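*Asks:* here you go, sequence then predicted model.
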Amino acid sequence: MTGYNSSIFQTWTSEWTCFLRDGDYIMSKANSQIYLFGTEVDAYLCQLMTKITSYSYYYYIEGEIHRNANNDRMSTFYGGSAVTLAQACAKSAPIRTEEFHVLVKSTNMADVKQWLPTPLLGTFEYTKVTSAGVSSCGTGSVWDVCNNRTTMTFNMTQCNSVVAYSQGKVYGVFYVTKGSTYYVVVVNPGTVDNSKYFRFTCMAVTQSGTTVTVVEKSGSCGPGQNTTVAPSGGSKYTLTPYVACCKYDYQLP
């Protein structure tokens, strides 16, 4: 598996190998050689997988939050240790609803599209405010989920500003709800440089009357992500509808 990036004891790793599978659980081991004070360490992910389509899954990473891995969830053991699934998946507290990730087959991104949630079904004018407080777009901008309810498009001519870390189009992959907040992960089928453009974006979405608020974060959704403040590198959007589509609160099979 590639694409899940983490720094463990200051060693960067982005490639993982399936080590063990038990039902819907997959235990993956980091391919990188990791050392702590000269001693080899093995890192493991415990993934609880759920199928969305033939080419996509969403999953939760079980296990404890690891302070030496940028607070990602994973387990580390001395190199060569016999590690069980129960050990790799052990955690002391429940995992938050929004802490999910998605897995998409890179050659089939167009085949994983799912309906986006109710608040986003419309054509909107949007105002963008970055985490640094810089405001842009507004009058004349277009954020469209009416033309295709599995796809968000952004008119980059009318508002020359990157949205969802994309070139102007993203596909809905999966969403969950927590209270009145939707956590939506979309995939960018275009160019990715992991600086300006990223493959995945998480959007926290709420609605008050006809106004929709969206806060984006590159990659997966973060614990406690909300629509109040944009995280570092992210942006907050206020969407005002030009057109509200017919809305149905379910996803396509």
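*Replies:* Happy to help now that I have it. Residues are numbered from 1 along each chain as shown.
*Asks:* any stretches of the protein with poor pLDDT?
*Replies:* Low-confidence segments of the chain (pLDDT under 70): 12, 246-253.
*Asks:* longest strand anywhere in it?
*Replies:* As assigned by DSSP state E, the longest strand anywhere in the chain is strand 39-53.
*Asks:* quick one: contacts of whichever helix or strand comes after that strand?
*Replies:* The C-terminal neighbour of strand 39-53 among helices and strands, as given by DSSP states H and E, is strand 56-62. Defining contact as CB atoms under 8 Å, 6 or more residues apart in numbering, one finds that strand 56-62 is touched by 25, 45-52, 72-74, 88-91, 95, 99-105, 112, 173-174, 185. Glycine gets a C-beta too; all of them are placed from N, C-alpha and C.
*Asks:* just the buried ones from those residues?
*Replies:* 25, 45-48, 52, 72-74, 88-89, 95, 99-104, 112, 173-174, 185 (16 or more other CB atoms under 10 Å).
*Asks:* and the residues you listed, which of them are in helices?
*Replies:* By the criterion of DSSP state H, membership of the buried ones among the contacts of strand 56-62 in helices covers 88-89.
*Asks:* give the contact list for residue 52.
*Replies:* Residue 52 touches 58, 102, 112, 114, 173-174, counting by CB under 8 Å, 6+ apart.
*Asks:* kindly apply the preceding question to residue 53 instead.
*Replies:* Here residue 53 is in contact with 111-112, 114 (CB under 8 Å, 6+ apart).
*Asks:* repeat for residue 202
*Replies:* Neighbours of residue 202 in contact, by CB under 8 Å, 6+ apart: 183-185, 216-222, 225.
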